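**Student:** got a sequence here, can you build the structure:
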Amino acid sequence: MPHDYEAQVGQGAITLHSEERLAASDRGVVMLRRLLRREIEAVQAGRDPLGVIFDRARAVVQVEAGNFILEPAG
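**Tutor:** Prediction:
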């Protein structure tokens, strides 16, 4: 039975992106890489990344933490 070491070594060395030959079925990989690159550039430019807002005044939803017990309806 293979263990972690065999599973990791059996995959081979990490391929450079420039050496990859992506097919049409790899569209999601390309989309994810573009999104990640765009969001890294946004952070480098001083903007908030997608889905993250550090300014409390612009917060979309404020959630009050805690345990709440609701009475049954009816």
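**Student:** what about this protein, any weak spots by pLDDT?
**Tutor:** Flagging of the chain using pLDDT under 70 yields the residue ranges 2, 62.
**Student:** what are the boundaries of the strands in it?
**Tutor:** Counting by DSSP state E, the chain has no strands at all.
**Student:** quick one: the helices in it, in order.
**Tutor:** Counting by DSSP state H, the chain has these helices, from start to end: 4-9, 27-44.
**Student:** please identify the most buried of the ones you listed.
**Tutor:** helix 27-44 (a mean of 11; mean count of other Cβ atoms under 10 Å). Any C-beta I mention is one placed from the backbone N, CA and C, and that applies to glycine too.
**Student:** contact partners of that one?
**Tutor:** Identification of contacts with helix 27-44 by Cβ atoms under 8 Å, 6 or more residues apart in numbering yields 17, 22, 48-50.
**Student:** now do 10 Å
**Tutor:** 17, 20, 22-23, 47-52 (Cβ atoms under 10 Å, 6 or more residues apart in numbering).
**Student:** closest one of those residues to Ala73?
**Tutor:** Closest to Ala73 out of the contacts of helix 27-44 is Gly51 (33.0 Å), distances taken as Cβ to Cβ.
**Student:** look up phi and psi at the closest one.
**Tutor:** Here the main-chain torsion angles of Gly51 (degrees, to the nearest 10) amount to phi 80, psi 0.
**Student:** need the contact list for it.
**Tutor:** Counting by Cβ under 10 Å, 6+ apart, Gly51 touches 39, 60.
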